[in-house]
Structure formats: structure tokens, C-alpha cells
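> I would like to see how this sequence folds:
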Amino acid sequence: MKIQFAIDTLTTAHALELATAAAAHVDVLELGTPLIKSEGLSAITAMKEAFPDKIVFADLKTMDAGELEADIAFKAGADLVTVLGVADDSTIAGAVKAAKAHGKGIVVDLIGVADKASRAREVVELGAEYVEMHAGLDEQAQPGYSLDALLEAGKAAGVPFSVAGGVNASSIAAVKAAGAQLAVAGGALYGAADVTAAAAELRAAAE
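Now for the predicted structure:
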């Protein structure tokens, strides 16, 4: 199982600093939506130039103009780009068209989708490389939140999936057991006092 670092910061400099600290222990470097909105496409380019051997994931969360938005992100250096699962099928298909033109991939983020398992199967048919079973920060802050629903949806979908929604060293074993291809960790890494040590602990827990 690969580990993806969701770098939810607001400056390219800080993102590169965090990526440098964690790089030895993670496989995918995700430029969070706030970072891309704050710094623009140059953040994608800077990350890919700094870490050419890593998968660079641009979390655009595209909702419309799928082919156009994916195309500009791939040209900037992204290897994977997200489109929202609640988007129209034509938006997802357009993004997949751009991905094929660049030899890259589209990940469909299922944040806000009620029936994640069913939609996961639909979007993989449209050409998504995999889906992200995702609960956002606002949802995670609600009383009683747990990863269990995401893990169950992933198992039920029967397609390649990642899990994002509070993954940490205590929960990553369950993510692996559910069959996820990737575990996405954000705050557990960028919020740690020692990012390198936290990333190493996460890798050890996953293995």
C-alpha cells in the first residue's frame, strides 16, 4: 500500500519543506486544494521539479470543464488530478481524455457522495484510475465521526481506492486491511512536531 502525503498548507515554500521532511517515507505528494488556490499552478511545477521520482497529485477537485482543468494541471507537472464524484459524467470523461493524452491519471474524489460504492464503480467505468473514499475536514470535525464508513464503502465498491479522512498511525493498519491501494495522511504528518519521525512511524505502522 502506498502512502500519500496531503500537504494542506498555503505556500509553496512550506509545502516543499514538508515534502522534504517526509519524502523518504511516502510515495505520493499531494498539493492540497488550498495550496493550489493560494499559489496557483506554479506550486505543482515546483513540487515535480523538486521530487521528480515521486507521484505528484494535484487536488483540483474539479467540478466542471474537466478536460481543460486536467490538461493545465498535467502540463504543469501533475501525475494525478482529482475530479469530484458529484460532477457530471461528461466532466469526468473529459478529464480522463486529457489524462490519456498526457499518459497520466484521474482520481475521482467521492467527498459528498452518498452512495460511494455505487458511484465508485460508475466512475472507474468512465476511466478513473481509482477513487478516493474521502471525508473532508468539516465532516471529520462532527461528533461521532470514524473511518469505518469509508473503509466499508471501499470494500463494497470492488474497485481500486484510496482512503482520506483522518488516517494516522493508529488507523492505517485498518486502511490496509480494507484493501486500499493508498492511505492518505494529512494532519497526522503536517501537524506533527517532527514530520520525518511521523512519516516513518506511519510507514512502519502500514507495514
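> Direction included, what does the helix or strand hosting residue 132 pair up with?
Using DSSP states H and E, residue 132 falls within strand 130-134. Paired with strand 130-134 in the same sheet, following DSSP bridges, are strand 105-109 (parallel), strand 161-164 (parallel).
> Can you name the element that comes right after it?
Taking DSSP H and E, what comes next after strand 130-134 is helix 137-140.
> Using CSV, write down the CA coordinates of the lowest-mean-pLDDT helix or strand in the chain.
When the helices and strands of the chain are scored by mean pLDDT, DSSP states H and E, helix 137-140 comes last with a mean of 94. Only the C-alpha atoms of helix 137-140 are listed here, as CSV (Å, rounded to 0.1, in the frame of the first residue of the first chain):
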residue,chain,number,x,y,z
LEU,A,137,-12.1,18.2,7.4
ASP,A,138,-15.6,19.6,8.2
GLU,A,139,-17.1,16.1,8.2
GLN,A,140,-14.3,14.8,10.4
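> and the angle from the helix or strand that it is followed by to strand 130-134?
Per DSSP H and E, the first helix or strand lying C-terminal to helix 137-140 is helix 148-157. On the basis of axes from the mean of the first three to the mean of the last three C-alpha atoms, to 10 degrees, helix 148-157 is oriented at 160 degrees to strand 130-134.
> Which stretches in this protein count as strands?
Assigned by DSSP state E, the chain shows strands spanning 2-7, 28-31, 55-62, 80-84, 105-109, 130-134, 161-164, 182-185.
> which outside residues touch the fifth one?
Spelled out, that is strand 105-109. With C-beta atoms under 8 Å, 6 or more residues apart in numbering as the test, strand 105-109 has contacts from 57, 59, 61, 70, 79-85, 92, 95-96, 99, 119-120, 123-124, 127-132, 134, 162. The C-beta positions use only the backbone N, C-alpha and C, and glycine is treated the same way.
> Any buried residues in stretch 129-138, and which?
130-135 (16 or more other C-beta atoms under 10 Å).
> Now tabulate those residues in JSON lines and tack on distance to residue 188 and pLDDT.
Shown next, in JSON lines, are those (distance: C-beta to C-beta, whole Å; pLDDT from 0 to 100):
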{"residue": "130", "distance to residue 188": "21", "pLDDT": "98"}
{"residue": "131", "distance to residue 188": "21", "pLDDT": "98"}
{"residue": "132", "distance to residue 188": "17", "pLDDT": "98"}
{"residue": "133", "distance to residue 188": "17", "pLDDT": "98"}
{"residue": "134", "distance to residue 188": "15", "pLDDT": "98"}
{"residue": "135", "distance to residue 188": "14", "pLDDT": "96"}
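> okay, the residues you listed in JSON lines with distance to residue 192 next?
Putting the buried residues of stretch 129-138 into JSON lines (distance: C-beta to C-beta, whole Å) gives the following:
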{"residue": "130", "distance to residue 192": "27"}
{"residue": "131", "distance to residue 192": "27"}
{"residue": "132", "distance to residue 192": "22"}
{"residue": "133", "distance to residue 192": "23"}
{"residue": "134", "distance to residue 192": "21"}
{"residue": "135", "distance to residue 192": "20"}
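> ok now the strand holding residue 132, how far from the chain's centre?
In this view, strand 130-134 has its centroid 8 Å away from the chain centroid, taken as C-alpha atoms, centre = their mean, to the nearest Å.
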